[in-house]
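Asks: Mind folding the following:
(one chain, ligands or ions: 1)
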Amino acid sequence: HGENIKETQNLIHQSKTIFEACMVYKNLFFKGDILEPSADGWNLYEMKASTKVKDEYIPDLAFQKYICEKNGIKIKNCFIEYINKDYIKQGNIIPNELVLQEDVTGDVNQIDDIEENSEKYIKIIEQGEPLEISISKKCNKPYECPLKDECRNNLPEYHVLQLTNWRKYWELFEDGILDIKDIPKDEILSSDKDQVIKEAVDENKIIINKDKIRNFLNKLQYSLYYLDFETFDTAIPIFDQSRPYQKIPFQYSLHIQDENDKVKHFDFLAQREKDPRPELLVRLEKEIGQTGSVIVFNKTFEISVLKKLAEDFPKYESFIKDTISRIIDLAGLFKNFDYYNPIQKGRYSLKAVLPAITGK
Ligand code: SF4
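Replies: Numbers count the residues shown, from 1 in each chain. I've put the predicted structure just below:
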């Protein structure tokens, strides 16, 4: 970054707005987003792809401010720029409406331990050996640690962190009970799901709640429509009548099973760069019929996609409402562990459930 550091100094002398300004102080370095000259100092801007201001952005700006000031650059104000989740694209993007700004100068100024922390962290980096730190609640905060799987590989195959009640599993973990099999018999697991997990592990068997499964099957009305959407989302909306990070369906798969177990398959895949939603709606309305259960895996996702479609294309509202009223969530059975195989290890996603049932 040597060139960038020099260029930053040049532009500072010319009092120009700098994108990706780079600065060093001792062995500390930052590459910021925007450094802007103001009447009596400079303003720092941090651009975030997030739709809200998060606490962890503040120390980042405080670190940049600290280095700037050690270089003799007085920072007047600090801002976070973030995405307006309610922005709806109509024609050209209007940057001032898409991006919101929050003045966080007060919060940044309250941070006064940059020097102390930097020295501490540098010592840790220079140590060569990683610190002896155990798995804890901190592994998820503020971000999920990317080494989580590696660390957990050292735990027993069926470890207590696979339980669903996090208060309980941390309590057990901190008491040194790592293996589900070691949970004492008199330990009260208040969650029904955790009792299922424990029973499955202790007895090494698949737990099946036949009554619940029978009730589920009794609710089904033929023909059955197995529906699955694929979506994509972008921070800057691409299509008119869409918002930042809105999930845009570009593909669906629809298997229709009649009472004689005959299965027909339909699918939709967007072909061009244009908005896939209008064509998808025309096809879906034609193929999904008007009666029969619509089976999805994890209804929250499919329902939210359908609701947004109804909002953005009101012409289809009544067909979408009818479709939503026909939805039955197959994931519900697995979420409640009405079927539970120990190899699911506390999970109920399709990736966990499919091998548990098919053995593949
Ligand atoms: S999961 Fe990450 S944060 Fe947690 S102990 Fe392992 S390396 Fe440290």
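
Asks: in whichever strand or helix holds Gly332, what counts as buried?
Replies: Gly332 is part of helix 331-335, with elements assigned from DSSP states H and E. Using 16 or more other CB atoms under 10 Å as the burial criterion, the residues of helix 331-335 that qualify are 331, 333-334. All C-beta spots, glycine's among them, are computed from the backbone N, C-alpha and C.

Asks: For the ligand, state which of those is nearest.
Replies: Phe334 (26.3 Å; CB to the nearest ligand atom).

Asks: Isn't the closest one up against Tyr348?
Replies: Yes: using CB atoms under 8 Å, Phe334 makes contact with Tyr348 at a distance of 3.9 Å.

Asks: Spit out the contact partners of Leu284.
Replies: Residues near Leu284 by CB atoms under 8 Å, 6 or more residues apart in numbering: 252, 254, 268, 323.

Asks: Does it belong to a helix, a strand or coil?
Replies: helix (DSSP: H, G, I helix; E, B strand; the rest coil).

Asks: and the lowest-mean-pLDDT helix or strand in the chain, is it in reach of the ligand?
Replies: One helix or strand of the chain scores below all others by mean pLDDT, DSSP states H and E: helix 148-152, with a mean of 89. Yes: if you take CB under 6 Å from any ligand atom as the test, helix 148-152 does meet the ligand, through 148, 151.

Asks: Contacts for the helix or strand that comes right after that helix next, please.
Replies: Using DSSP H and E, the next helix or strand after helix 148-152 towards the C-terminus is helix 166-174. The contact list for helix 166-174 (CB under 8 Å, 6+ apart) reads 135-137, 160-163, 183, 187, 189-191, 194.

Asks: Now with 6 Å, please.
Replies: If you take CB atoms under 6 Å, 6 or more residues apart in numbering as the criterion, helix 166-174 is touched by 160-161, 163.

Asks: Give me the contact list for stretch 40-49.
Replies: With CB under 6 Å, 6+ apart, stretch 40-49 has contacts from 33-36, 57, 61, 64, 73-82, 235.

Asks: repeat that for 7 Å
Replies: When contacts are defined by CB atoms under 7 Å, 6 or more residues apart in numbering, stretch 40-49 is touched by residues 32-36, 57, 60-61, 64-65, 68, 73-83, 235.
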